[in-house]
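1. Quick one: sequence and predicted model below, then my questions.
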Amino acid sequence: MASIDRSDPVILSHVLAEHRDLFHLLLAVRSALAHAGPPTPDRRSTVLESMHHLRDHLADHFAQEEQGGFLEEAVTRVPRLSAAVRSILGQHPGLLADLDRVIENLEASPAAPGAWARAGHNFEAFSARMTAHERSENAVVQSGYNEDLGLTE
Ligand SMILES: [Fe+2]
Ligand SMILES: [Fe+2]
């Protein structure tokens, strides 16, 4: 068990680093959207580029989590976390679809009145859901690993 226990800080810091990266990508989109001035074609492509970048990264991140790793191991350690992990992983398709919708709306009618305000508003809503999602993953990992450490000490 010692070798598993030793990996705890490594796994936790990996999860937190991944989530920090995503948080920075969310911030990049937010600041691109918040940039003052009219929605010029340049600005539109900057915003869309940051959204696509986030979207790609998110799809990879979700795929990695679904393939196993820290969430699966948390359940192996503390089986009662299984329902929470199932529900967390079940949020992935909806989160990607939310972001896709924001992107599609902006690509379809960037010049429509209110398109930018709507994109900003919808992205904020997505961002809040995304942040809550990552928080629950951090909490699961924390519970999974802390409990195991407590039992083996
Ligand atoms: Fe996730
Ligand atoms: Fe995650």
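-> Everything's here; your move. Ligands and ions are numbered 1, 2, ... in the order given.

2. use CA for all of it now, contacts and neighbours both
-> OK.

3. From residue 21, how far off is residue 14?
-> Distance of residue 14 to residue 21, computed by Cα to Cα, to the nearest Å: 11 Å.

4. Skipping adjacent residues, who's closest to residue 52 in space?
-> Distance criterion Cα to Cα, 6 or more residues apart in numbering; nearest residue to residue 52, sequence neighbours excluded, is residue 103 at 7.9 Å.

5. Rounded mean pLDDT for the helix or strand that contains the one you found, please.
-> Using DSSP states H and E, residue 103 sits in helix 92-108. Helix 92-108 carries an average pLDDT of 96.

6. ok now it, how far from the chain's centre?
-> Here helix 92-108 is found 14 Å from its chain centre; the criterion is Cα atoms, centre = their mean, to the nearest Å.

7. Name the residues of that helix that are buried.
-> Across helix 92-108, burial judged by 16 or more other Cα atoms under 10 Å covers 92, 95, 96, 98, 99, 102, 103, 106.

8. and what of stretch 22-38?
-> So stretch 22-38, judged by 16+ other Cα under 10 Å, has buried residues 22, 23, 25, 26, 28, 29, 30, 32, 33.

9. any chance of those residues in JSON lines, with pLDDT and distance to residue 125 too?
-> Below are the buried residues of stretch 22-38 laid out as JSON lines (pLDDT from 0 to 100; distance: Cα to Cα, whole Å):
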{"residue": "22", "pLDDT": "94", "distance to residue 125": "16"}
{"residue": "23", "pLDDT": "94", "distance to residue 125": "14"}
{"residue": "25", "pLDDT": "96", "distance to residue 125": "15"}
{"residue": "26", "pLDDT": "96", "distance to residue 125": "12"}
{"residue": "28", "pLDDT": "94", "distance to residue 125": "16"}
{"residue": "29", "pLDDT": "95", "distance to residue 125": "13"}
{"residue": "30", "pLDDT": "93", "distance to residue 125": "12"}
{"residue": "32", "pLDDT": "89", "distance to residue 125": "16"}
{"residue": "33", "pLDDT": "89", "distance to residue 125": "14"}
